[in-house]
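1. here's a sequence, model it:
(one chain, ligands or ions: 3)
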Amino acid sequence: MSNIAIPFAPLPRTGGDLTGVHPPIAIPTESERKGLTKKEVAADHPTWCPGCGDFSVLALYFKLIEKRKMWHEKITTVAGIGCSSRFPYFVQAHGAHYIHGRALPFASGISLSRPDLHVFVFGGDGDAFSIGGNHFNHTARKNIKMTYVVMDNWVYGLTKKQTSPTSPLGFKSKTDQWGAVDYPINPMKQAIAAGATCVARTTHTNPNHVLQMMEAAMDHEGFSFIECLSECVEFYEGAFDASNPRKGGVFNLVPTEHDVADEMAAYKLADQPFPGLFGIFYKNNKPTKNAKEAEINRAAMEKTKGLKDWEILKKNFDR
Ligand SMILES: Cc1ncc(C[n+]2csc(CCOP(=O)(O)OP(=O)(O)O)c2C)c(N)n1
Ligand code: SF4
Ligand SMILES: [Mg+2]
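-> Ligands and ions are numbered 1, 2, ... in the order given. Got it, this is the predicted structure:
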């Protein structure tokens with residue numbers, strides 16, 4: 001198992017012999033290439049507890065890759081640390097299991113330097129809103145193109161049941177034996193306030209909806225955020241039953257008449273008590289940092305057009 005896997009899709013060979021000379025390889029054009037199957041994109045068997053909600057999110061990511069015909073070299077999956085953050089290990093493509101809370105700065109570098117990719121970041125509520133809280137706010141406000149899926153289980157799973165920023169009041173954990181006393185954050189309100197330009201909510205128990213939200217997020221030109229409820233069956237069993245019709249709960253969609261461009265209306269939707277609503281709460285098309293930086297680079301290159309590197313350097317020294 002390695003942090004960074006760089007596999008290649010098997011390409012059809014057109015011939016060759018055993019002389020040690022590399023046989024010619026027919027590289028299919030984009031339109032000739034088939035989408036990857038789950039088998040081709042699945043890596044190690046996930047090490048999550050049986051029944052963990054994270055399995056569902058991974059299965060739908062595979063489905064997205066298959067459906068949208070993404071190829072190995074175009075898939076980039078980044079995560080911090082936590083159970084949910086083990087995600088990139090299980091995807092046979094480029095990716096990194098990075099530092100606790102620091103997945104977004106790492107992903108920002110990839111996004112800004114590789115405009116041909118769409119970066120997916122997966123992580124937990126602790127990773128996103130505790131240690132990574134600052135990075136979350138700043139990546140959102142910069143509107144860096146990527147999709148951040150927070151697999152919210154209302155607890156620290158990996159470290160075995162500490163209170164997280166989304167744990168509800170009264171939740172008994174190893175850090176709050178008498179019940180949580182700190183008010184939980186509302187991820188949706190936080191994302192909208194921070195400046196995320198596509199903000200959606202879904203739950204692992206509704207696969208079609210998870211896929212729909214991932215597709216919408218991926219197609220968004222900017223920082224897209226998905227809060228995906230993902231049950232920790234080991235340390236917070238039943239947390240989301242009220243949102244699951246199979247457990248007697250209700251799964252209510254964002255009303256069709258909701259104007260996703262209306263920030264205040266989005267806050268109101270986000271303010272509904274649990275189980276709340278599911279779908280896209282907010283969307284706006286502000287220019288991305290990617291586009292702005294690309295323009296700065298283009299203008300700088302225009303000014304130095306035709307010059308050799310040393311001539312540019314000399315100009316700088318002269319100045
Ligand atoms: C700098 C640092 N601090 C603390 C830890 C310990 N740690 C690892 S995962 C984690 C929290 C995981 O919770 P969450 O992000 O909600 O992910 P989950 O396991 O619930 O999916 C903590 C505190 C760490 N790895 N690195
Ligand atoms: S501890 Fe919880 S979050 Fe971690 S793998 Fe097990 S069920 Fe999933
Ligand atoms: Mg968690």
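
2. spell out which parts of the stretch 151-300 of the chain neighbour ligand 2.
-> N153, G157, L158, C232, V233, E234, F235 (C-beta under 6 Å from any ligand atom). Just so you know, the C-beta spots here come from the backbone N, C-alpha and C atoms, and that holds for glycine as well.

3. pLDDT score for the second one?
-> Per-residue confidence for G157 comes out at a pLDDT of 98.

4. skipping adjacent residues, who's closest to it in space?
-> C83 (4.1 Å; C-beta to C-beta, 6 or more residues apart in numbering).

5. pLDDT value on that neighbour, please?
-> 98.

6. ok, it touching V233?
-> No. Assessed by C-beta atoms under 8 Å, C83 is found out of contact with V233, at 11.0 Å.

7. more neighbours, the two?
-> C83 (28 against 16; other C-beta atoms under 10 Å).

8. what's the separation between the more buried one and ligand 3?
-> 7 Å (C-beta to the ion, to the nearest Å).

9. same question, L104
-> Distance from L104 to ligand 3, by C-beta to the ion: 16 Å.

10. got it, and C232?
-> Taking C-beta to the ion, one finds C232 at 7 Å from ligand 3.

11. count of neighbours near that residue?
-> 28.

12. with V78 instead?
-> 29.

13. after the helix or strand harbouring it comes which helix or strand?
-> In the assignment (DSSP states H and E), V78 maps to strand 75-79. Going down the chain from strand 75-79, the next helix or strand is strand 94-97, by DSSP H and E.

14. partner strands of that next one, with direction?
-> strand 75-79 (parallel) (DSSP bridges).

15. rounded mean pLDDT for the partner strand, please.
-> So the average pLDDT for strand 75-79 ends up being 96.

16. mind listing the helices for the stretch 51-200 of the chain?
-> 54-67, 103-113, 125-126, 133-142, 187-194 (DSSP state H, counting those that start in this stretch).

17. just those: most buried one?
-> helix 125-126 (a mean of 30; mean count of other C-beta atoms under 10 Å).
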